[in-house]
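Trainee: can you look at this prediction? I've put the sequence above it.
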Amino acid sequence: MAVRKDTIFERFLSPIIRSFIDEKKLREFYESMDWEAEGDRFRRPDLSYPHYYSSQNFHGIEGGYLNPGASVSYDPITQYVLPPNETWVRQGLIDSIKGTPRRILDLGCGTGSTTLMLKQAFPQAQVTGLDFSPYMLVMADHKANKAGLDLQWRHGNAEETGFPDASFDVVTASLLFHETPPTVSKSILQECFRLLTPGGAVLILDGNQKTIRQVEWLTEVFEEPYIKDYAAGSVDAWMGAVGFEAVQTKDLFLIHQVTHGMKPIPAEGYSARVQQVPTSTTLDDFGSEGIPAPAF
Ligand SMILES: C[S@@+](CC[C@H](N)C(=O)[O-])C[C@H]1O[C@@H](n2cnc3c(N)ncnc32)[C@H](O)[C@@H]1O
């Protein structure tokens, strides 16, 4: 788990956080797993990684999320860097979901912290987490099994998921956009639009762009190669540009934000189509038409 030493996090915060973390236990867990074999349970060999993802260190970890060590250290550190409280921040996204979605997709799910909370909040829904890193999916699956939750995991690219059109009522992404160049974030939102049923919702939880813009040193805390570009942009505007309606950003504890958008319901011909499409129970049942509008 090699790390660089030149960020505010590595110089000041990491020594404090390390004193709270049981590094011996983490190392034992890391060494107890055959990461390549476990990763192979999820790995899709046809997937190729774009330069922005495979060429950068994230949080000072060499190789970023393609280093299995990142999946072991992610949760113990994240709990200390989402004030006032990690669960409260993630709950801000869950609370913005209205109604009872039947299918939820969590993009860039990482170790599945938000994905598990989505399943706990909507136990009747089929919840899928998608991530580029097979090792993050290994951790996510491990956590789901421990919690006794039935979730689906998919090794994939959030820009091009391969799922059929209109196959989800809700698509979420937490803490993803500050790690992707804005062109990629916009293309992910385009994919969200394609994946959603009419009336379905997209929810993006991440750092508060206004605050990060105003407090320059926040961009220097972690080794985050794209955070300045993220802060200079506007998730609101990106959502509007791909066609989402009712776009709204809610501040959370000043340093986080949740942005909500709805895929518009076409005025004509929609109710007729809804009646023709049966409600299916698994993603494999979808035809090219996807599923009808969500129950909200
Ligand atoms: C900061 S982590 C956030 C993880 C999780 N959503 C959370 O809230 O803790 C960002 C995650 O996004 C994944 N990621 C980045 N770009 C991606 C892409 N284009 N497609 C899928 N996953 C991506 C990374 O592998 C990493 O697991």
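Mentor: Received it, and whenever you're ready, just let me know what you need.

Trainee: can you show me the helices along the stretch 101-250 of the chain?
Mentor: 113-121, 134-147, 182-195, 209-214, 227-232, 235-242 (DSSP state H, counting those that start in this stretch).

Trainee: could those go into JSON lines alongside mean neighbour count and mean pLDDT?
Mentor: Just so you know, the C-beta spots here come from the backbone N, C-alpha and C atoms, and that holds for glycine as well. Converted to JSON lines, the helices of the stretch 101-250 of the chain look like this (neighbours: other CB atoms under 10 Å; pLDDT from 0 to 100):
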{"stretch": "helix 113-121", "mean neighbour count": "22", "mean pLDDT": "98"}
{"stretch": "helix 134-147", "mean neighbour count": "20", "mean pLDDT": "98"}
{"stretch": "helix 182-195", "mean neighbour count": "20", "mean pLDDT": "98"}
{"stretch": "helix 209-214", "mean neighbour count": "16", "mean pLDDT": "94"}
{"stretch": "helix 227-232", "mean neighbour count": "18", "mean pLDDT": "95"}
{"stretch": "helix 235-242", "mean neighbour count": "18", "mean pLDDT": "98"}
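
Trainee: not counting its neighbours along the chain, what's nearest Leu189?
Mentor: Counting by CB to CB, 6 or more residues apart in numbering, Val242 is the residue found nearest to Leu189 once chain neighbours are left out, at 4.9 Å.

Trainee: rebuild the helices of the stretch 101-250 of the chain as a markdown table, extending it with distance to the ligand.
Mentor: Converted to a markdown table, the helices of the stretch 101-250 of the chain look like this (distance: least, CB to the nearest ligand atom, whole Å):
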| stretch | distance to the ligand |
| --- | --- |
| helix 113-121 | 5 |
| helix 134-147 | 4 |
| helix 182-195 | 6 |
| helix 209-214 | 15 |
| helix 227-232 | 11 |
| helix 235-242 | 15 |
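
Trainee: can you put those helices in CSV and add distance to Arg44?
Mentor: Shown next, in CSV, are the helices of the stretch 101-250 of the chain (distance: least, CB to CB, whole Å):
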stretch, distance to Arg44
helix 113-121, 18
helix 134-147, 9
helix 182-195, 17
helix 209-214, 32
helix 227-232, 27
helix 235-242, 26
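
Trainee: what about the nearest residue to Gly108 once chain neighbours are set aside, how many neighbours?
Mentor: In this structure, Gly108 finds its nearest non-sequential neighbour in Leu176, 3.5 Å apart by CB to CB, 6+ apart. When neighbours are counted by other CB atoms under 10 Å, Leu176 registers 21.

Trainee: show me what contacts Leu176?
Mentor: The contact partners of Leu176, by CB atoms under 8 Å, 6 or more residues apart in numbering, come to Leu107, Gly108, Ala158, Ser185, Ile188, Ile204, Asp206.

Trainee: how close does the fourth one sit to Ala201?
Mentor: Read it as Ser185. To Ala201, Ser185 is 17 Å away according to CB to CB, to the nearest Å.
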